[in-house]
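*Asks:* Pasting a predicted model and its sequence here:
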Amino acid sequence: MGMTLAEKILAANSGRDHVQPGELVNAKVDMVLGNDITAPVAIREFNKIGVDKVFNKDCIALVPDHFAPNKDIKSAEQAKVMREFAKEHNLTNYFEVGKMGIEHCLLPEQGLVAPGNVVIGADSHTCTYGAMGAFATGVGSTDLAAAMALGETWFKVPESIKFVFHGKLNPWVGGKDLILYTIGKIGVDGALYKAMEFTGPVIKELSMDGRFTMCNMAIEAGGKVGLIEPDETTLAYVKGRVKVPATFYKSDEDAQYSEVYEFDVSEIEPQVAFPHLPENTKPLSDATGVKIDQSVIGSCTNGRIEDLRLAAEVLKGNKVDPNVRCIIFPGTQEIYLQAMKEGLVEIFIKAGAAVSTPTCGPCLGGHMGILAKGERAIATTNRNFVGRMGHPESEVYLSNPAVAAASAVKGQIAKPEEVV
Amino acid sequence: MKLNGAAWKFGNDIDTDVIIPARHLNTSDPEELAKHCMEDGDPEFYQKINGGDVIVAGKNFGCGSSREHAPIAIKAAGISCVIAKSFARIFYRNAFNIGLPIFECPEAAEKIQPGDKLEVDVDSGEIVNTTKNETYQATPVPEFMQQIIAAGGLINYVSKRVKNNE
Ligand code: SF4
């Protein structure tokens, strides 16, 4: 019997010819990741194991991105724990402020993840790298600690769901809308414990940035991984960038899926997820007119260069509404620099938007743009849970960058074509 | 081992931002985290509960971020176990890893009412509702997970493996 992409990668990394859903396997990990929230807990646990070395100093990435540049004394102490651990173990991939970016934009950009890899990260959006055809999934700090010591971890082989996208994308519709639409259809636990494989002619045409956005939000449907079969687009992205061996796996024709969904994207408009769950999606036409106080453009979901280009296309020559704070945070330093070279940063500043250094900041209600009681934001981030961006009585609406930019100009949720 | 406590009920899709809001994640001190446990679902939760009490919730409990601070906060607050219709994957893994017992049992999640007194057998997964005089059976814990629990959490399990050079 054939295997899915997820099954093939797990089989290869656990030294097996064949695996099937439900089996427990011990797989070697090619990269493990921690951040300034999760790594300090992992380090505490690592020190209890009784090993004096990490399994491989090149295969651990530590990124202070959540509360960094440190927002207060407590977070500075946490970041320090991580920095000292990185020094003590001589870790190759520690990214200090000034070099760091939002982890899930940074790792692929720096060539630290390759197609066919198994990656675990103590951050739920580690599933982003599935866009490159890697089996990447979020774990907790204790799992991270164990993997830092052993270089392997256990997995239950997940069942796979196939999502096939047909048709032609409408203007202003991209990866974000496809994934919001999908989550709206299957719900926030619609893919619980499962691998989500995105395929079909629309995905073939989708850029790497669009693919990262889609796989990033697999976790928002409960998925273990979001996966896209690597192809020429992937190859072009990894060429000259990826430093470790890559393997391009493909699902077999006769692979088994627990469910198959077929979507015709020709009927999809930009999507907006209403508070307080990513599954509360509606077509943009049903969302326009909702007044907003803040527009947040960036994050590991939509903080890549293509996202910033879209935002700039909409903001160019426009002004942010006087009642709105528009905050733009590029995913990495490299993206920031590229945005400067292309004149995007100038467009943002002239429009009256604030451009931030790369950080998770507002996305998790950490710093750099917290909402007060009763305030409402539109954001290109991935979660609109209660209190996610600040006060428990604030609200977050999720959208793509063009819609968030148009809404910033209008002071209310708006269509990009209204301002461009 | 048997756990005893009163039930506190929550709905579906309780996410980790409700269990422990990100604004408190600038620390990893369990005592500190415990004080804010379930804060955005019920601001007085920590004040109201007694040691041993049980969280009973609907589907997809613990969805959202991978923060282990969520099960740590629950455990440090004195909650003895969580019973839910289903759990989000990362939360499920984390709970076992840190030694917070959790039970998947749709029937219990449905029938238990707030304040019901519960007696939970960790080994068999049998849940007795002494208030209602009802018994529910949770999904058995996979054998590998039982080994982790028996070792006292993942770190002890790994530590033993390392020492035995496995
Ligand atoms: S940008 Fe937001 S979702 Fe992404 S890693 Fe940072 S906090 Fe998490």
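*Replies:* Noted; the coordinates are in hand.
*Asks:* contacts, neighbours, all on C-alpha from now
*Replies:* Fine.
*Asks:* Stretch A:365-373 close to the ligand?
*Replies:* No: contact of stretch A:365-373 with the ligand (CA under 6 Å from any ligand atom) is absent, the minimum separation being 8.2 Å.
*Asks:* the bottom helix or strand of chain B by mean pLDDT?
*Replies:* Every helix and strand of chain B was ranked by mean pLDDT, DSSP states H and E. The lowest is helix B:143-151, at a mean of 82.
*Asks:* Report the distance from the helix or strand that that one is followed by to the chain centre.
*Replies:* Sequence order places helix B:154-163 as the next helix or strand after helix B:143-151, per DSSP states H and E. Offset of helix B:154-163 from its chain centre (CA atoms, centre = their mean, to the nearest Å): 23 Å.
*Asks:* Same check on stretch A:151-171?
*Replies:* In terms of CA atoms, centre = their mean, the centre of stretch A:151-171 is set 14 Å apart from its chain centre.
*Asks:* and that stretch, anywhere near chain B?
*Replies:* No: using CA under 8 Å from any CA of the partner chain, stretch A:151-171 stays clear of chain B, coming no nearer than 9.8 Å.
*Asks:* mind listing what's buried in the helix or strand where A:Ile203 lies?
*Replies:* Here A:Ile203 sits within helix A:201-205, counting by DSSP H and E. Buried positions in helix A:201-205, judged by neighbour count with 16 or more other CA atoms under 10 Å in any protein chain shown: A:Val202, A:Ile203, A:Lys204.
*Asks:* Report the mean confidence score over that helix.
*Replies:* Mean pLDDT, computed over helix A:201-205, is 98.
*Asks:* Over to stretch A:184-195?
*Replies:* For stretch A:184-195, mean pLDDT is 96.
*Asks:* Span of that stretch from start to end?
*Replies:* Its start and end residues considered, stretch A:184-195 measures 17 Å (CA to CA, to the nearest Å).
*Asks:* Give me the residues contacting it.
*Replies:* The contact list for stretch A:184-195 (CA atoms under 8 Å, 6 or more residues apart in numbering or on different chains) reads A:6, A:158-161, A:183, A:220-227, A:277-281, B:13, B:60, B:88-89.
*Asks:* Could you pick out which of those residues are located in helices?
*Replies:* Assigned to helices by DSSP state H, the following of these qualify: A:Ala6, A:Ile183, B:Arg89.
*Asks:* So the residue nearest to the first one when sequence neighbours are not counted versus A:Cys127, what's the distance?
*Replies:* Once its chain neighbours are removed from consideration, A:Ala6 has its nearest residue in A:Phe135; the separation is 6.4 Å (CA to CA, 6 or more residues apart in numbering or on different chains). Counting by CA to CA, the separation of A:Phe135 from A:Cys127 is 8 Å.
*Asks:* overlap in contacts of the two?
*Replies:* A:Val225.
*Asks:* Now do the same contact list for B:Ser80.
*Replies:* Neighbouring residues of B:Ser80 by CA under 8 Å, 6+ apart: B:Leu3, B:Asn4, B:Gly5, B:Gly51, B:Gly52, B:Asp53, B:Val54, B:Leu100, B:Pro101.
*Asks:* Run a quick neighbour tally on the residue nearest to A:Ala6.
*Replies:* A:Phe135: 31 surrounding residues under other CA atoms under 10 Å in any protein chain shown.
*Asks:* hey, what's it bridged with?
*Replies:* In this entry, A:Phe135 is beta-bridged to A:Val118, by DSSP bridges.
*Asks:* residue nearest the centroid of chain B?
*Replies:* Geometric centre of chain B, nearest residue: B:Val82, 3.4 Å, by CA atoms, centre = their mean.
*Asks:* Give me the neighbour count for the residue nearest to B:Asn129 when sequence neighbours are not counted.
*Replies:* Using CA to CA, 6+ apart and skipping residues adjacent in sequence, the residue nearest B:Asn129 is B:Leu118, 4.7 Å away. When neighbours are defined as other CA under 10 Å, B:Leu118 has 24 of them.
*Asks:* next one: A:Gly303
*Replies:* 27.
*Asks:* Help me confirm that it comes into contact with A:Gln333.
*Replies:* No: using CA atoms under 8 Å, A:Gly303 is not in contact with A:Gln333, being 11.1 Å away.
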